[in-house]
Each structure stands twice: as C-alpha cells, then as structure tokens.
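Chemist: Starting from these lines, generate the structure:
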Amino acid sequence: MSEVNRLMWDERAPAHAASPEYGLARYASDPSLISDVVRFDLPRLGDISGLRGVHLQCHIGTDTVSLSRLGARMSGLDFSATAISTAQQLATSAGADIDFHVADVYDAVDVLGPGGYDLVFTGIGALGWLPDMDRWAGVVADLLRPGGRLFIREGHPVLWALADPRPDGLVVIEYPYFTPSEPTVWDEEGTYVTTEVTFVHTVSHEWNHGLGEIMSALMGTGMVVTGFVEHDSVPWNARPGEMEKSDGEWRMRDRPERFPCTYTLQARKP
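Modeler: Below you'll find the predicted structure:
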C-alpha cells in the first residue's frame, strides 16, 4: 500500500513545485520568507536556533527550509525521491544547508541514526499516510535525544472524518475517526493545488487516527505531552464552497466554532 501512495506522491511533487500555492521561486528571491504553516505556529514553536532538527515526511521542503531559516540545523526525510529532489533544489536555491534523505518514515532511525535530534517536526497532512501510530511514535522517540521535542501541526481527525460538502449545507461525519483495520481508499483525479496536469496515479490509501490514539502512542514510549491546541482553521481550502480565507488560513464561513480543523501537538522525551 505504501507503493501505491509513493507513486501518487512522485507524480504530484512536480505539480506542487510548479504551483502558485507553494511559490518556490519566492524562497530564492526573499531570504526572509518562511512558509505559512511554520509562521502560524511561531508563538508555540519558540526559539529553535542552534537545534538539530529533522522534518519527517517533508515533501518538497518548504517547511524544512523555513525551519532552517529560523536557525535550526535541519534534515529532511520523505519516501518520494521526486519530492526529495525538488526539496534539495529548493534548499540550494534558497541558500539553506539541509541534508535530505529518501526513506520510509518507519526506516528513519536506520537512515539517520538514533538519539541525534533536538527537534522532530511533522507538518500538515502527514500522519494519515501511516497505518501504525505506535510504530511511528517509537521512531520519533528513538530519533530524539533526551530532552528533545516533537512538534506537530496536523489536520484534525474530525476534519478528515467529514463527508464532502453537501448541497443542503449540513456537516456530516462519514468516514472513520478511529484508525480502521483497513485503509480508506480514495480515487481522486486532482490534487490540492492549482494545476492543469492530468494525473495517472489517482488511487491512495489513508488511515485516520484519533487524538487519543496519537497521544497514547507517544506516551507509550515514555514521552510527555507538553502542549496541545485545537484550531478552527486550516492552511488550504479543505471544504470548497464552505470556507473563506482570513489571516492566511481558511475557516468555515458559517459557525467555524462547530468543529476543529487542525491541531498543534508538542511532546518531550524525558
């Protein structure tokens, strides 16, 4: 199933790199630019200058470069060789010294070595591609040195469980909130950025993960959850026709307080 997903991401990485939403050329022309995703969490992220960090499932590297620009010595890892090639080109053009690695996230410790990082970062739309949160949490804990920190901004499992927007405007839970035994299989022709590319690999396999499962997996490794905030906004138009953009994020036009769209989670290794 990971091969199905890898083929999909290999095909989408060039389209994402060329899209106005990612705007890769701006990172070379503006040395102060950081991604909207990283900027949103600056008050919670704090000073990371001098920290040794790794961005797991880094895709084409915009958040990785942004963390580097905040002073962290970054590595990036993703299972898509196409995405990593783009990320390396981005870092070079942006003047960022980042080492990138092609590997499945579950193999990260074998590739990067144990206990070498002060910061493990994971961004929007990453955990849903992984079937096993216990195994993932073990990787995070093994990568961190004592006192090191995990930082996640992720789509909320409630958002992932919602049905597509309906003509009657009702917001309906349709898909699993808790991790299903088998993945949810999607067949989608497009992607989340503006592109005219016609994709061949349209099938993906995804797993939703409830908040309790994610936190329990981390605590099961001995890590301590130190921060958790739910947000009514998301960095992309997750529900077309129902959301409007303000302050760089998308929110429900009607009663955005009804459900959370994303969350920020932090945990520390003792």
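
Chemist: contacts, neighbours, all on C-alpha from now
Modeler: Will do.

Chemist: can you pull the contacts of residue 120?
Modeler: Residues counted as contacts of residue 120 (CA atoms under 8 Å, 6 or more residues apart in numbering) are 53-56, 140, 143-144, 148-151.

Chemist: Check residue 128 too.
Modeler: Residues near residue 128 by CA under 8 Å, 6+ apart: 206-209.

Chemist: count of residues packed around the nearest residue to it once chain neighbours are set aside?
Modeler: Nearest residue to residue 128, sequence neighbours excluded (CA to CA, 6 or more residues apart in numbering): residue 207, at 4.9 Å. Residues contacting residue 207 under the criterion other CA atoms under 10 Å number 23.

Chemist: and after the helix or strand hosting residue 93, which helix or strand comes next?
Modeler: Using DSSP states H and E, residue 93 sits within helix 81-94. Along the chain past helix 81-94, the next helix or strand (assigned with DSSP H and E) turns out to be strand 99-102.

Chemist: average pLDDT across that next one?
Modeler: Averaging pLDDT along strand 99-102 gives 97.

Chemist: in its sheet, what does that strand sit against?
Modeler: strand 73-78 (parallel) (DSSP bridges).

Chemist: Now do the helices in the stretch 101-250 of the chain.
Modeler: 108-112, 133-143, 157-161, 211-220 (DSSP state H, counting those that start in this stretch).

Chemist: In TSV, list these along with mean pLDDT, mean neighbour count and distance to residue 31.
Modeler: Formatted as TSV, these follow (pLDDT from 0 to 100; neighbours: other CA atoms under 10 Å; distance: least, CA to CA, whole Å):
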stretch	mean pLDDT	mean neighbour count	distance to residue 31
helix 108-112	98	17	28
helix 133-143	98	21	29
helix 157-161	98	20	34
helix 211-220	98	17	35
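
Chemist: Format these as TSV; extra columns: distance to residue 22.
Modeler: Converted to TSV, the helices of the stretch 101-250 of the chain look like this (distance: least, CA to CA, whole Å):
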stretch	distance to residue 22
helix 108-112	26
helix 133-143	27
helix 157-161	22
helix 211-220	28
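
Chemist: List of residues touching the lengthiest helix in the chain?
Modeler: Identified as the longest helix of the chain according to DSSP state H is helix 2-18. When contacts are defined by CA under 8 Å, 6+ apart, helix 2-18 is touched by residues 22-24, 59-60, 79-83, 86, 129, 191, 193, 195, 197, 199-205.

Chemist: thinking again about what came up before, any quick PyMOL command for the buried ones out of the contacts of residue 128?
Modeler: In PyMOL, this line selects whichever of the contacts of residue 128 come out buried by 16 or more other CA atoms under 10 Å:
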select buried, resi 206+207+208+209
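
Chemist: export the contacts of residue 128 to JSON lines and tack on distance to residue 251?
Modeler: JSON lines is the format used below for those (distance: CA to CA, whole Å):
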{"residue": "206", "distance to residue 251": "24"}
{"residue": "207", "distance to residue 251": "24"}
{"residue": "208", "distance to residue 251": "21"}
{"residue": "209", "distance to residue 251": "22"}
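
Chemist: and the contacts of residue 128, which of them are in strands?
Modeler: If you go by DSSP state E, the contacts of residue 128 have residue 206 in strands.

Chemist: Quickly note the distance from the residue nearest to residue 161 when sequence neighbours are not counted to residue 45.
Modeler: Counting by CA to CA, 6+ apart, residue 161 lies nearest to residue 175, which is 4.4 Å off, once chain neighbours are set aside. Counting by CA to CA, to the nearest Å, the separation of residue 175 from residue 45 is 31 Å.

Chemist: neighbours of the residue nearest to residue 161, just the number please.
Modeler: Neighbour count of residue 175, defined by other CA under 10 Å: 16.

Chemist: Would you mark the buried spots in the lowest-mean-pLDDT helix or strand in the chain?
Modeler: Least confident helix or strand, the chain: helix 2-18 with a mean of 89, by mean pLDDT, DSSP states H and E. Neighbour counts using 16+ other CA under 10 Å place 5-17 of helix 2-18 among the buried residues.

Chemist: No further queries at this time; thank you.
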